[in-house]
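> how would this look folded up:
(one chain, ligands or ions: 3)
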Amino acid sequence: MADKPSDQIAQERAGRPFPVSWDQFHRDCRALTWRLNEVGPFHAVIAITRGGLVPAAIVARELGLRVIDTVCIASYDHDKQGDLKVLKGISEQTAKLGGGTGKGLLIVDDLVDTGKTGKLVRELLPDAHFATVYAKPKGRPLVDTYITEVSQDTWIYFPWDTALSFQPPIRDGAA
Ligand SMILES: O=P(O)(O)OC[C@H]1O[C@H](OP(=O)(O)OP(=O)(O)O)[C@H](O)[C@@H]1O
Ligand SMILES: Nc1nc2[nH]cnc2c(=O)[nH]1
Ligand SMILES: [Mg+2]
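Ligands and ions are numbered 1, 2, ... in the order given. Okay, the predicted model is just below:
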């Protein structure tokens, strides 16, 4: 049988679609930074790629941090989670700043869902502060600071994954 198109799979998976605009995302990142500003100071920001790159840039700008590193992890193929792969860890230089355990380092990701990614990063840097913009209930206990909680059956659509498109009128069956 032919595979379903990926947009159909995403639609079926998206029990509750939660689309986020650039404007909203920027606002939520700034709200996250207000909270983080009370917790720091931090030596460096570590973005979990790729989704963490955008919030990390905004948070780093607002906190005045210029040392930014990445942990590169691949897990979801679009909306299906496979095995986690650490494609790249943090640099030796950043590891030193965090005393080997991540103390004083700020890890940023766009969201936690099942918490698998967060758990892996926590194992790498147990004393780092882990912040996400959005959190679903299963992953929430792994996060130190987040802004908005959404239900586990929500699928968040980020502005870098979406584009404006025509919507049929509600009366004609639009969701
Ligand atoms: O809590 P979890 O169930 O582990 O899911 C959360 C992770 O899933 C997404 O990343 P993804 O692996 O899709 O890669 P991307 O950031 O490159 O889009 C998201 O950006 C988080 O990093
Ligand atoms: N875009 C997106 N990626 C995810 N990865 C895990 N959960 C989600 C989600 O709700 N939205
Ligand atoms: Mg990610």
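
> Using the three-state scheme, assign Thr132.
strand (DSSP: H, G, I helix; E, B strand; the rest coil).

> how about the nearest residue to Pro141 once chain neighbours are set aside, what does it touch?
With sequence-adjacent residues excluded and distances taken as C-beta to C-beta, 6 or more residues apart in numbering, Pro141 is closest to Gly115, at 7.2 Å. Any C-beta I mention is one placed from the backbone N, CA and C, and that applies to glycine too. By C-beta atoms under 8 Å, 6 or more residues apart in numbering, the contact set of Gly115 is Lys138, Gly139, Arg140, Pro141, Leu142.

> go on, Ser75?
Ser75 touches Gln81, Gly82, Asp83, Leu84, Lys85, Lys116, Thr117, counting by C-beta under 8 Å, 6+ apart.

> so it sits in a strand?
Yes. Looking at Ser75 with three-state DSSP, it is inside a strand.

> how about low-confidence regions in the chain?
Along the chain, segments meeting pLDDT under 70 span 1-14, 76-80, 174-175.

> Can I get the longest helix seen in it as CSV, trimmed to CA atoms?
Ranked by number of residues, the top helix in the chain under DSSP state H is helix 22-39. Extracted as CSV, the C-alpha positions of helix 22-39 are listed here (Å, rounded to 0.1, in the frame of the first residue of the first chain):
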residue,chain,number,x,y,z
TRP,A,22,6.4,34.7,14.4
ASP,A,23,4.9,37.5,16.4
GLN,A,24,3.5,35.2,19.1
PHE,A,25,6.7,33.2,19.2
HIS,A,26,8.8,36.3,19.7
ARG,A,27,6.4,37.5,22.5
ASP,A,28,6.6,34.1,24.2
CYS,A,29,10.4,34.0,24.0
ARG,A,30,10.5,37.4,25.6
ALA,A,31,8.2,36.2,28.4
LEU,A,32,10.5,33.2,28.9
THR,A,33,13.5,35.6,29.2
TRP,A,34,11.8,37.7,31.9
ARG,A,35,11.6,34.5,34.0
LEU,A,36,15.2,33.4,33.1
ASN,A,37,16.5,36.8,34.0
GLU,A,38,15.5,36.1,37.6
VAL,A,39,17.3,32.7,37.6
